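Student: prediction below, plus the sequence it came from.
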Amino acid sequence: MAESPAAPSEEEVRRLLMVYQQRQAEADAIVRQLGLFQLSLEGCEKAIKAVEAMETAEEGQDMLVPIGQDSFIHAKLAAKERVVVGVGAGASIEKSTQEAKASLNARKAQLLEASGKLSQTLSKIEEEMGKIQSIAAQYERQFSE
Amino acid sequence: MSTELPPQVQNQIAQLQQLQQQAQALLSQKSQIEMIIRETESAVKELEASFEDAVIYKSVGEVLFKADRSKLIEEFKDKKEVLDLRLKTLAKQEERIQKRFGQLQDQLKTSLGQRVPEAA
């Protein structure tokens, strides 16, 4: 006669729950990080579009510069060939539109790569969580028998 | 059978929880500093790669001020040195906390181990 699998110890169930909670916390942190990456990517795309628009703009052209809260001030385009790009730590470098575009595209590529790696990690964690869930369901059945 | 833990064990658990909170706060400080270091390193790399006559700006609040390229590179390198030092100090603190945590955990295990036969 086939023996039914031994019921898990309380310690084993507790360990499993702890691992699940840890993975859940990791997954939550990754989702938050992915959200931030998405915001940065959108920022990059907006900046690239603005730089591209500068190429067709004329010097002295009337512009509206955002000052936050969907509010703008009037300005005139003083140097259409120059763009100031932030490089982190509060430093910014003035670049030509082409250099600025290249720099922003490189940043976008870095963000996409990092985002892809994080998504892969998230999939692995979710897979592991799924396995834990199925083990937990098996334990539940054993307990109810 | 009473399920209440002896005061000594309760005290050890409270100390463990306190240490855990300290460790978490330390970890968050460490990762914040590591992030600033990475950002500073990357800015230095970009600045060094720029032309010597490149126009550089430094942000102060929401305003960008024109800055001297080489002075800014020096400033960032100094800033990184200070941050590296701070990181080392935090790592030492973390090590001490982990050691104390391990000791307390062992003590707690011993205390709970002694309690089991009593409860049985």
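Tutor: Alright, I've got the coordinates.

Student: any part of the longest helix out of those in chain B near chain A?
Tutor: Criterion DSSP state H: the longest helix present in chain B is helix B:69-119. Yes - interface with chain A: helix B:69-119 contributes B:72, B:76, B:79 (C-beta under 8 Å from any C-beta of the partner chain). Every C-beta, even on glycine, is put in place using the N, C-alpha and C of the backbone.

Student: which helices and strands does the helix or strand bottoming out on mean pLDDT in chain A pack with?
Tutor: In chain A, no helix or strand scores lower on mean pLDDT, DSSP states H and E than strand A:62-68, which sits at a mean of 92. Under the contact criterion of 3 or more C-beta pairs under 8 Å, 6 or more residues apart in numbering or on different chains; DSSP states H and E, strand A:62-68 touches strand A:71-76.

Student: and the strand it packs on, what other elements does it pack with?
Tutor: strand A:62-68.

Student: how about the strand it packs on as CSV, C-alpha atoms only?
Tutor: Extracted as CSV, the C-alpha positions of strand A:62-68 are listed here (Å, rounded to 0.1, in the frame of the first residue of the first chain):
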residue,chain,number,x,y,z
ASP,A,62,8.9,82.5,-29.2
MET,A,63,8.7,79.7,-26.7
LEU,A,64,7.0,78.8,-23.4
VAL,A,65,9.2,77.4,-20.8
PRO,A,66,7.6,75.1,-18.1
ILE,A,67,8.0,76.3,-14.5
GLY,A,68,6.0,73.4,-13.0
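
Student: that one pairs with which strands, and in what direction?
Tutor: Strand A:62-68 pairs in its sheet with strand A:71-76 (antiparallel), by DSSP bridges.

Student: what about the partner strand, average pLDDT?
Tutor: Averaged across strand A:71-76, pLDDT comes to 95.

Student: run through who's touching it.
Tutor: A:60-67 (C-beta atoms under 8 Å, 6 or more residues apart in numbering or on different chains).

Student: same check, this time on stretch B:101-118
Tutor: B:5-6, B:8-9, B:12-13, B:15-16, B:19-20, B:23.

Student: same check on stretch B:83-98?
Tutor: So stretch B:83-98 is contacted by B:19, B:22-23, B:26-27, B:29-30, B:33-34, B:36-37, B:40 (C-beta under 8 Å, 6+ apart).

Student: if you rank those residues by neighbours, which is first?
Tutor: Of all those, the highest neighbour tally under other C-beta atoms under 10 Å in any protein chain shown goes to residue B:40, namely 21 neighbours.
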